[in-house]
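Chemist: quick one, structure for this:
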Amino acid sequence: MIGFFIALVSGALMSIQGVFNTQVTKASSIWVANAFVQFTALLVCLGAWFGTDRSSFGALFRVEPKYMLLGGAIGAFITYTVIKSMELLGPARAVMLIVVAQVLVAYVIELFGWFGVEKQPFEWRKVIGMLAAIAGIVIFKWEK
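Modeler: Numbering: from 1, shown residues only. Down below sits the predicted model:
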């Protein structure tokens, strides 16, 4: 149950962050805003690390495969694409498309067992759920 709550908080925070970042971009530029977002995230993470576990950064050199270390670089592009999509589509439409894309890609990763994730069997109910989510986007976007 705690995982469910954390996921809900994550989704809410992502939506709020996207709106904040889009507003910051209006006063600066998308890459300045993105750099500021990543820098402040670094400061928060360093503060949390200092106040909690203090594990060695040397452990990062033992991560295999090395491409798994690209999460931060991917994060910069996530921030960029969230800002642009919210700017062009508005928060609600952008978030709906982002969430559907997340679920679709996550399901494909599970189906094929990519990136060290345990392979899962194909299930029609998950495909039907995805189609229902896409139908929801169409209905939400539908204009008279």
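Chemist: use CA for all of it now, contacts and neighbours both
Modeler: Noted.
Chemist: in the protein, which helix is the longest?
Modeler: Taking DSSP state H as the criterion, the chain has its longest helix at helix 2-27.
Chemist: following that helix, which helix or strand shows up next?
Modeler: Using DSSP states H and E, the next helix or strand after helix 2-27 towards the C-terminus is helix 30-51.
Chemist: if we can go back for a sec, quick one: buried residues of the longest helix of the chain?
Modeler: 15, 17-19, 21-25 (16 or more other Cα atoms under 10 Å).
Chemist: so for residue 144, what's the pLDDT?
Modeler: Listed pLDDT for residue 144 reads 61.
Chemist: now swap in residue 7 and tell me
Modeler: 89.
Chemist: can you tell me how far it is from residue 45?
Modeler: Computed as Cα to Cα, to the nearest Å, the residue 7 to residue 45 distance reads 19 Å.
Chemist: in the chain, which helix or strand is least confident?
Modeler: helix 124-141 (a mean of 90; mean pLDDT, DSSP states H and E).
Chemist: enumerate the positions of that helix that are buried.
Modeler: For helix 124-141, burial by neighbour count (16+ other Cα under 10 Å) applies to 130, 133-134, 137.
Chemist: how far out from the middle of the chain is it?
Modeler: Between the centre of helix 124-141 and the centre of its chain there are 20 Å (Cα atoms, centre = their mean, to the nearest Å).
Chemist: and what of stretch 61-75?
Modeler: On the basis of Cα atoms, centre = their mean, stretch 61-75 sits 16 Å off its chain's mean C-alpha point.
Chemist: with stretch 4-15 instead?
Modeler: Stretch 4-15 sits 11 Å away from the centroid of its parent chain (Cα atoms, centre = their mean).
Chemist: show me what contacts residue 74?
Modeler: For residue 74, the contact set (Cα atoms under 8 Å, 6 or more residues apart in numbering) is empty.
Chemist: could you point out which element follows the helix or strand hosting residue 73?
Modeler: For residue 73, the element it lies in under DSSP H and E is helix 71-89. Per DSSP H and E, the first helix or strand lying C-terminal to helix 71-89 is helix 91-112.
Chemist: ok and that following helix relative to helix 124-141, angle-wise?
Modeler: Put simply, helix 91-112 runs at 160 degrees to helix 124-141, going by axes from the mean of the first three to the mean of the last three Cα atoms, to 10 degrees.
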